[in-house]
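[1] sequence? don't have it. structure:
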């Protein structure tokens, strides 16, 4: 009865964190490997983000000499949030279509571990996309150099991404189990993500347009951190129910 | 049957309070001396409706938690009914808010933090309805709806807080009205309207719960008849 497997089965709610960590890594690795082999999610998301920038350029070119600087934060985050919607739908559609999720649920894995692994997986994908998109976006739209504000920019990016991915993963889990699937996710996700959009857009625009240190952005950063914490805890408490039996 | 009988009594009480509140608002409470003037009278309806909407969503939140803990469908029914009424009251908040906005600021729509938050609340709980409509299995529908009701209720104050990061609106005047600077006679009128609106919510909740229970019984009977 001392084999790792039976230990995992017998483990109660307060079981070994080492096992959770190993399971977390296994699920995350599975998601990353699957994506690296097929690349269908990342490639579409990057193309979507780049296309969105071009579309924004056309949509906002209404008058010569109009300064778009104060719209850049909004453009960036709207693009990322919509790209994430695409990615979330994709990542769970694969799980559902091939019945991977059923297999995963049959394993003696804590549901919260599945949630955390899925969230971090989505976060990694979003960061990869941003690594490509942000330099291009800067080239296209930002005239001021914000290299000096790189640290606050990265902190904003990480904090907002964490919130988007945590909430997105929870809601995508719910929506994929419904009849309308990917149609439902934006309706659930967009109204809930507005606080992140407000704080992240404000902070990013400040950095792009005027430059702001960590101190100047403190209120927004703390707000984003609070949002992440609240929804991580909320998702922690409800994911068991969201993912089903 | 008892529940069906008690709801009308509540409606009569609610109606009495609301009418008395309205009469007091116009004849007893003084006309606001600050910039709002006569249009401030809608405050006696607008704010109680807003608070009742939030109370309804609060009930939905608590009932959702109770459902997840007990898996008893009666909590799901309460949560569902409360969201439906909360949504109705939220739409009324938007409408009365727009009337007030037209009178006070001469515009039907301003991106004022409270109004904007309520607009988002309407979208949120409309999404709750859509979510319910696309899940067929009863237990599963109740579970997802409960999870969403919890998340949505947590999100509302956060969204309102986030609107502070937005640039200052054109109409800061509204904040002084929402403050505590109320005279005694104003407060009495307001308080009576508040009680009336809350009683209305309780009455409507009871009636809707009775209807939902009847619906369930009809479904059960149909199933037992093999239909």
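    Structure received. Bear in mind the structure is a predicted one, so any value in this text is a computation, not a measurement. Numbers count the residues shown, from 1 in each chain, chains lettered A, B, ... in the order given.

[2] contact residues of chain B facing chain A?
    Contacts of chain B with chain A, taken as Cβ under 8 Å from any Cβ of the partner chain, map to B:68, B:120, B:123-124, B:126-127, B:130-131, B:134-136, B:140, B:143-144, B:146-148, B:150-152, B:154-155, B:158-159, B:161-163, B:165-166. Just so you know, the C-beta spots here come from the backbone N, C-alpha and C atoms, and that holds for glycine as well.

[3] buried subset of the residues you listed?
    B:68, B:120, B:123-124, B:126-127, B:131, B:134-135, B:140, B:143-144, B:146-148, B:150-152, B:154-155, B:158-159, B:161-163, B:165 (16 or more other Cβ atoms under 10 Å in any protein chain shown).

[4] just checking, residue B:140 touches residue A:244?
    Yes - assessed by Cβ atoms under 8 Å, residue B:140 is found in contact with residue A:244 at 6.9 Å.

[5] so for the helix or strand hosting residue A:47, what gets flagged as buried?
    Applying DSSP states H and E as the criterion places residue A:47 in helix A:40-60. Neighbour counts over helix A:40-60 (16+ other Cβ under 10 Å) mark A:41-42, A:45-46, A:48-50, A:52-53, A:56 as buried.

[6] which bits of chain A sit near chain B?
    Listed as neighbours of chain B in chain A under the rule Cβ under 8 Å from any Cβ: A:167, A:170-171, A:174-175, A:177-180, A:184, A:187-188, A:190-192, A:194-195, A:198-199, A:202, A:219-220, A:223, A:226-227, A:230-231, A:234, A:238, A:241-242, A:244.

[7] still on that earlier bit, please state the offset of the helix holding residue A:47 from the chain centre?
    Helix A:40-60 sits 17 Å away from the centroid of its parent chain (Cα atoms, centre = their mean, to the nearest Å).

[8] just checking, what packs against it?
    Applying 3 or more Cβ pairs under 8 Å, 6 or more residues apart in numbering or on different chains; DSSP states H and E, we find helix A:40-60 packed against helix A:72-97, helix A:111-141.

[9] and these, which is most packed in?
    Across the helices and strands packed on helix A:40-60, averaging neighbours per residue (mean count of other Cβ atoms under 10 Å in any protein chain shown) puts helix A:72-97 on top, at a mean of 20.

[10] show me the residue sitting in the middle of the chain in space.
    Because you didn't say which chain, this covers chain A. residue A:165 (2.9 Å; Cα atoms, centre = their mean).

[11] let me rephrase: I mean chain B.
    residue B:53 (1.4 Å).

[12] following the helix or strand harbouring that residue, which helix or strand comes up?
    Taking DSSP H and E as the criterion, residue B:53 maps to helix B:43-70. Once the chain leaves helix B:43-70, the next helix or strand it forms, by DSSP H and E, is helix B:73-105.

[13] how much space between the residue lying closest to residue B:89 once chain neighbours are set aside and residue A:163?
    The shortest distance from residue B:89 to any non-neighbouring residue, by Cβ to Cβ, 6 or more residues apart in numbering or on different chains, is to residue B:53 (3.6 Å). Distance, residue B:53 to residue A:163, by Cβ to Cβ, to the nearest Å: 26 Å.

[14] circling back: buried residues, the helix holding residue B:53. List them.
    Across helix B:43-70, burial judged by 16+ other Cβ under 10 Å covers B:43-57, B:59-68.

[15] now the angle from that helix to helix B:73-105?
    Relative orientation of helix B:43-70 versus helix B:73-105 (axes from the mean of the first three to the mean of the last three Cα atoms, to 10 degrees): 160 degrees.

[16] what helices or strands is helix B:43-70 leaning on?
    Right, helix B:43-70 is packed against helix B:2-27, helix B:73-105, helix B:113-133, helix B:138-162, helix B:184-224 by 3+ Cβ pairs under 8 Å, 6+ apart.

[17] need the ones you listed in a markdown table (columns: mean pLDDT).
    Formatted as a markdown table, these follow (pLDDT from 0 to 100):
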| stretch | mean pLDDT |
| --- | --- |
| helix B:2-27 | 73 |
| helix B:73-105 | 91 |
| helix B:113-133 | 91 |
| helix B:138-162 | 93 |
| helix B:184-224 | 87 |
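
[18] nearest to chain B: which residue in chain A?
    residue A:195 (3.9 Å; Cβ to the nearest Cβ).

[19] tally up the residues packed near that residue, please.
    By the criterion of other Cβ atoms under 10 Å in any protein chain shown, residue A:195 has 27 neighbours.

[20] spell out the secondary structure type for it.
    At residue A:195, secondary structure determined by DSSP: H, G, I helix; E, B strand; the rest coil is helix.

[21] on the pLDDT front, check it for me.
    On the pLDDT scale, residue A:195 is placed at 94.

[22] still on that earlier bit, was I right to think the residue nearest to residue B:89 contacts residue B:84?
    No - contact between residue B:53 and residue B:84 fails when scored by Cβ under 8 Å: they sit 11.5 Å apart.

[23] next up, the contacts around the residue in chain B positioned nearest to chain A.
    For chain B, the residue closest to chain A is residue B:162, as judged by Cβ to the nearest Cβ, at 3.9 Å. Counting by Cβ atoms under 8 Å, 6 or more residues apart in numbering or on different chains, residue B:162 makes contact with A:194-195, A:198-199, A:223.

[24] got CSV for those residues, with distance to residue A:91 too?
    Listed next are the contacts of residue B:162 as CSV, based on distance: Cβ to Cβ, whole Å:
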residue, distance to residue A:91
A:194, 23
A:195, 24
A:198, 26
A:199, 25
A:223, 27
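
[25] please pick the buried ones from these.
    Buried, going by 16+ other Cβ under 10 Å: A:194-195, A:198-199, A:223, out of those.
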